[in-house]
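sequence first, predicted coordinates after that:
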Amino acid sequence: MSSNAPPSWVETESETRVVWRDTPTHWQIADRLLAAAIAVALGVYGAIQFDTVFRVVSIVVVAGGLLGGAVAIIHHRRHIYLMTETELYKRSGMFSLTIDTLSLRSVQNTSYSQSPLQRLLNVGTVEIETAGTNSTELVLEEVPRPSYVANLIIDHSDGG
């Protein structure tokens, strides 16, 4: 499969190519990974320095830190964003699977928002509105280069 071919979970015509594909930025989980790393470091230190009960508690802290880090990574990797020439997809899930599909023909408007930290990291949230609705139809969170993505969606929609 070429890099421009849609993945197997996208049901589309064979000639359709992928225009854009991304995942939420890793900065989204940086705080949880830092907390997990601190827990592991403190637990290892406690397991080395203390005896009996404190050693057991320290080992539990290490296990909790490792589990917390693994859960953060699994939770983060459950989102994939993909745009073909005609459709926009948001895939969520690791064990169960949800795929939201939006026809680019129905896109009316896109907008993006960024906190001050997100502006510094050039990530943000892209919201897509469709014709016939007065609300946001699809939200792409923690997207790298959100202004580019919002403009790319509009450029490939019928309004572009």
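Perfect, thanks for sending it.

where do the helices sit along this protein?
Ranges of helices within the chain are 30-49, 52-76, 116-121, 146-156, based on DSSP state H.

next, count neighbours for the nearest residue to residue 131 once chain neighbours are set aside.
Of all residues not flanking residue 131 in the chain, residue 108 sits nearest, at 4.7 Å (Cβ to Cβ, 6 or more residues apart in numbering). In short, each C-beta sits where N, CA and C put it, glycine included. By other Cβ atoms under 10 Å, the residues close to residue 108 number 15.

quick thing: my sequence starts at 50, can you match it?
Sure, I'll start numbering at 50, so the last one becomes residue 157.

so residue 157 makes contact with residue 179?
Yes. Counting by Cβ atoms under 8 Å, residue 157 does reach residue 179; the two are 5.6 Å apart.

where does the protein dip in pLDDT?
50-52, 62-63, 183, 208-209 (pLDDT under 70).

domains in it, by residue range?
Segmentation of the chain into domains, based on automatic domain parsing, reads 78-124, 129-205.

relative to residue 60, which of the ones you listed is closest?
Closest approach to residue 60 among those (Cβ to Cβ): domain 129-205, 9.0 Å.

just want the most central residue of this protein.
Among the residues of the chain, residue 73 comes closest to the average C-alpha position under Cα atoms, centre = their mean, at 2.8 Å.

what's near enough to touch residue 96?
104, 107, 108, 111 (Cβ atoms under 8 Å, 6 or more residues apart in numbering).

the helices of the chain: which one's closest to residue 54?
With respect to residue 54, and counting by Cβ to Cβ, the nearest of the helices of the chain is helix 195-205 at 17.4 Å.
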